[in-house]
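**Q** need coordinates for the following:
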Amino acid sequence: MKARLLNIGLLLSSLIGYLEWGGDKKMFLFQIEGEVLSKLFTDPLGILHPLTILPLFGQLLLIISLFQKKPNKLLTYIGLGCISILMALIFFVGLISLNYKTILSAIPFLVIAIWTIKYRRTNG
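**A** Got it, this is the predicted structure:
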């Protein structure tokens, strides 16, 4: 049960990543994902980029693991890894630019990710 809750935490915390760019542009990841998914049917080649495809794939794997009787360890690790690429980048960019909103938006995912890895190592 705890593995499932951790996967839900990973999934939900990956949606609250916050990005700011340009002078006045800012969005949460769930807003960006909505746009990406809407463009999937109108302009599929326009969204082909590793920083859009990998996190979406990771979230899909975590969703699949939620419907399993016992969430698969490999699916959790692969999903975690795919999403971590983007969330670590968001955290790093926040540190470089000293943007506390961006840093704070990535911390919940990173904390749950570390907690998930520790739990999975000890409990399988």
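
**Q** residue 6 sits in which helix or strand?
**A** Using DSSP states H and E, residue 6 sits in helix 2-14.

**Q** this protein: strands as residue ranges?
**A** Counting by DSSP state E, residue ranges of the strands within the chain are 18-21, 25-28.

**Q** with mean pLDDT added, can I get those in a markdown table?
**A** As requested, the strands of the chain are exported to a markdown table (pLDDT from 0 to 100):
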| stretch | mean pLDDT |
| --- | --- |
| strand 18-21 | 90 |
| strand 25-28 | 92 |
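
**Q** deepest-packed of those, please.
**A** strand 18-21 (a mean of 16; mean count of other Cβ atoms under 10 Å). C-betas here are computed from N, CA, C, even on glycine.

**Q** for the helix holding residue 6, give me every contacting residue.
**A** Contacts with helix 2-14, where a contact means Cβ atoms under 8 Å, 6 or more residues apart in numbering, come from 29, 55, 58-59, 62-63, 65-66, 70-71, 76, 79-80, 83, 86-87, 108-109, 112-113, 115-116, 119-120, 123.

**Q** nearest to residue 1, of the strands of the chain?
**A** Evaluated over the strands of the chain, closeness to residue 1 peaks at strand 25-28, with 28.6 Å, by Cβ to Cβ.

**Q** give the pairing partners of that closest one; include direction for each.
**A** According to DSSP bridges, strand 25-28 has the following sheet partners: strand 18-21 (antiparallel).

**Q** need the buried ones from the contacts of helix 2-14 selected in ChimeraX.
**A** Selecting only the buried entries of those in ChimeraX, with 16 or more other Cβ atoms under 10 Å as the criterion:
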select :29,55,58,59,62,65,71,76,79,80,83,86,87,108,109,112,113,116,120
